[in-house]
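Visitor: Coordinates for the following, if possible.
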Amino acid sequence: MQKTISKYWPVFVLPTLLAFIIGFIWPFIWGIYLSFQRFTTVSKTTFVGFDNYIQVFKDSTFIHAFWFTAAFTVVSTVFINVFAFAIALVLTRGIRGTNLFRTVYFMPNLIGGILLGYIWQILLNGILANLGKPLLALDEHYGFIGLVILMCWQQIGYMMIIYIAGLQSVPNDLIEAAKIDGATGREILFKIKVPLVMPSITICTFLTLTNSFKLFDQNVALTGGEPSNLSEMLALNIYSTFYGRSGAQWKGIGQAKAVVFFLIVVAISLIQLRFTRSKEVQS
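Guide: Okay, the predicted model is just below:
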């Protein structure tokens, strides 16, 4: 069997590799190339050097979208991981109906972002209207809060599953030994469970961080960037620049924004991975 695999491995690898190159590598390289061009169609381009990138940082809507996205990412990442970990702690204590609770909490993750956005738009606007407050599309602060609520509701259940797996891998004899030595529940949590669950924390933080920064469909459905693009996140800003503005220069600027966006997400993700992995306990 091993000899057969060694002999015919290209038959299995090449189709996937080819699909990866066609579907990801080539569009990525082509996108970087277009970020240095001015164009309306990709067959007719004019090289403009770094002018597109200069215009990116002169665009006040992009700068505002960056800070709005950064604030949203920090708040949602903290809330999602804290609540997901807390729920995981409760559901690993052997209470009745644990499997039912896990299923119910996980289900929102199965619903598409566009549908979730419109559902929560109706719910939150109804609440705001009854309270005499501005609707989501009329106040950026309520739009921000609405996006955080939506993101938490969708992602907490998924992260909870990862935390449950991490907590279940903590050796029971280690916890029992700590109890015998007189450790309190707080000490067991922060000195035993949290350090041993750091690999799960690394994964969940990475997922929530990148998902929050790349949020698009929920932003479109919930606020649409209103009012006056004040609740517009980076992904929606790039889309609006590329497809919503007329003029040959905006296509290239939109593509340059996409490259800058990619670099920002990669840089933040690498910093986060390096930091959280340094806290993991070496077995």
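
Visitor: those helices in the stretch 1-150 of the chain, which residues are they?
Guide: Ranges of helices within the stretch 1-150 of the chain are 2-20, 26-34, 51-58, 60-91, 98-106, 113-130, 140-168, based on DSSP state H, counting those that start in this stretch.

Visitor: rank those by pLDDT, which is bottom?
Guide: With a mean of 77, helix 2-20 has the lowest mean pLDDT of the helices of the stretch 1-150 of the chain.

Visitor: which secondary structure elements does that helix contact?
Guide: Under the contact criterion of 3 or more CB pairs under 8 Å, 6 or more residues apart in numbering; DSSP states H and E, helix 2-20 touches no helix or strand at all. Every C-beta, even on glycine, is put in place using the N, C-alpha and C of the backbone.

Visitor: tell me the angle it makes with helix 26-34.
Guide: 40 degrees (axes from the mean of the first three to the mean of the last three CA atoms, to 10 degrees).

Visitor: If you tally nearby residues, what's the number for the nearest residue to residue 227 once chain neighbours are set aside?
Guide: Using CB to CB, 6 or more residues apart in numbering and skipping the chain neighbours, the partner closest in space to residue 227 is residue 138 (5.6 Å). Number of residues near residue 138 (other CB atoms under 10 Å) recorded here: 14.

Visitor: Over to the one 10 residues further on?
Guide: Other residues near residue 148 come to 17 when the count uses other CB under 10 Å.

Visitor: likewise residue 62?
Guide: Residues lying near residue 62 (other CB under 10 Å) number 22.

Visitor: just the one 5 residues further on next, same as before
Guide: Residues lying near residue 67 (other CB under 10 Å) number 10.

Visitor: same check, this time on residue 127
Guide: Residue 127: 12 neighbours (other CB under 10 Å).

Visitor: now swap in residue 105 and tell me
Guide: For residue 105, the neighbour count with other CB under 10 Å is 21.

Visitor: re the thing from before, for the residue nearest to residue 227, give its distance to residue 262.
Guide: Applying CB to CB, to the nearest Å, the value for residue 138 to residue 262 is 32 Å.

Visitor: Then residue 256?
Guide: Computed as CB to CB, the residue 256 to residue 262 distance reads 11 Å.

Visitor: So between these two, which is more surrounded?
Guide: Neighbours were counted for residue 256 and for residue 262 using other CB under 10 Å; residue 256 has more, 29 against 14.

Visitor: Could you pull up the residues touching the nearest residue to residue 151 once chain neighbours are set aside?
Guide: Excluding its sequence neighbours, the residue lying closest to residue 151 (CB to CB, 6+ apart) is residue 76, at 4.6 Å. For residue 76, the contacting residues are 147-148, 151-152, 155, 208, 212, by CB atoms under 8 Å, 6 or more residues apart in numbering.

Visitor: between these, which is closest to residue 173?
Guide: Checking the contacts of residue 76 against residue 173 by CB to CB gives residue 208 as the nearest, at 31.9 Å.

Visitor: Provide the secondary structure category for the closest one.
Guide: Look at residue 208: counting by DSSP: H, G, I helix; E, B strand; the rest coil, its state is helix.

Visitor: neighbours of it, just the number please.
Guide: Using other CB under 10 Å, residue 208 is surrounded by 25 other residues.

Visitor: Check the chain and tell me which residue is nearest its centre.
Guide: Of all residues in the chain, the one closest to the mean position by CA atoms, centre = their mean is residue 211, 0.8 Å from it.

Visitor: count of neighbours near the nearest residue to that one once chain neighbours are set aside?
Guide: Among residues not flanking residue 211 along the chain, residue 155 sits closest, at 6.6 Å (CB to CB, 6+ apart). Per other CB under 10 Å, the neighbour tally for residue 155 reads 24.

Visitor: cool, the one 5 residues further on as well?
Guide: Residue 160 is flanked by 26 other residues according to other CB under 10 Å.

Visitor: How about the one 3 residues further on?
Guide: A total of 23 residues lie near residue 163 under the criterion other CB under 10 Å.
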